[in-house]
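Trainee: Kindly generate the corresponding structure for this input.
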Amino acid sequence: MNPENMRAMLFMVLSMALFATEDFFIKIATAGMPAMQVLFVLSVGGAFIFGSICLARGMPLISRDLLLPGVAARNGAEIVATVCFITALSLIPLSLAAAILQATPIFVTAGAAIWLGETVGWRRWLAVLVGLFGVLLILRPGFEGFRPPALLALVAAMGLATRDVVSRRIPRRISTVQLSFWAYALLSVVSAVLMVPGGVSLDAGVTAWRAAGFATVLGVFGYAVLTAATRLGDVSAVIPFRYTRLIFALAIGTTLLGERPDALTLIGAAIVVSAGLYAIWRERQVRRIVPFSRTAR
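Mentor: Residues are numbered from 1 along each chain as shown. The predicted model follows:
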């Protein structure tokens, strides 16, 4: 195997471990302060770190590119996804939220076909339908085990998928660091506004503040490692390892939070992951075949 691909895979696994640990600390923080207050701390910290990186690299913090439709759509999707996911983490088990979030690649496949006009064959559409069936098993709408707040995690998955799809239309001259700064800066404003109805906990315990601080650092570090993984190795070889986030989340939820996911949740998660992996594999096969058929002509 290509040594660079091997390192990239390890980086991807590490980044997923960091993100799962970040989610754990977010859940701890939301136990001591309102969810939007936690989001405000994360957003301000992220904006400061990415803003500092932009300045160090000579990149402008404010640019007309911020008004581009693709950038605006990406920021909007990022805001919706983050607000919904952090709220979900404060209301439902970490393992359940992580299981639902694994549907993101399925939504990316569907979104790329609908919005970008990408060709998606019947096999990948079947994978999308199977993945959605897995999501229904996890959610169980209309049944006794249904948790309404879990729908927030589903909206978060859709938001992340929308962000990934519209990002493909953003000019390459705009760096990912700038995009991240703008997203965090806007999240700071949105979370500050959303804090008003729920109030602010000025007497939050030390544990909550420390957890929010750890989550901020882990999130930025995870982003850096994720970027290194996608730049170092072949995307098709690295992307499947995104699903290791679920493994880490289940391990953390079980050992540190005392969560016990039921059989339907685990079966549904397995179906979602399997469908996503098949869709990724099928896309890789199609990309190998198409160039060959074109040259054959």
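Trainee: In stretch 226-238, which residues are buried?
Mentor: 226, 228-230, 232-233, 237-238 (16 or more other Cβ atoms under 10 Å). Any C-beta I mention is one placed from the backbone N, CA and C, and that applies to glycine too.
Trainee: quick one: terminal-to-terminal distance for that stretch?
Mentor: 10 Å (Cα to Cα, to the nearest Å).
Trainee: where's residue 10 relative to residue 243, distance?
Mentor: For residue 10, the distance to residue 243 under the criterion Cβ to Cβ, to the nearest Å works out to 15 Å.
Trainee: Give me the more crowded residue out of the two.
Mentor: Remark: of residue 10 and residue 243, residue 243 carries more neighbours, 19 against 16, as counted by other Cβ atoms under 10 Å.
Trainee: just checking, that one touches residue 278?
Mentor: No - with contacts counted by Cβ atoms under 8 Å, residue 243 stays clear of residue 278, the gap being 12.0 Å.
Trainee: Contacts for stretch 62-70, please.
Mentor: Outside stretch 62-70, the residues within contact range by Cβ atoms under 8 Å, 6 or more residues apart in numbering are 71-72, 166-167, 169-171, 173-174, 178, 182.
Trainee: Can you tell me which of the residues you listed has the most neighbours?
Mentor: For these, counting by other Cβ under 10 Å, the largest number of neighbours falls to residue 182: 25 neighbours.
Trainee: residues contacting it?
Mentor: By Cβ under 8 Å, 6+ apart, the residues touching residue 182 are 66, 71, 75.
Trainee: do residue 87 as well
Mentor: By Cβ under 8 Å, 6+ apart, the neighbours of residue 87 are 35-36, 149, 152.
Trainee: Identify the farthest-apart pair in these.
Mentor: By the measure Cβ to Cβ, those have their two most distant members at 36 and 149, which lie 14.8 Å apart.
Trainee: where do the helices sit along the stretch 1-150 of the chain?
Mentor: When assigned using DSSP state H, counting those that start in this stretch, the helices of the stretch 1-150 of the chain occupy the ranges 3-30, 35-56, 69-91, 94-101, 104-115, 122-139, 150-167.
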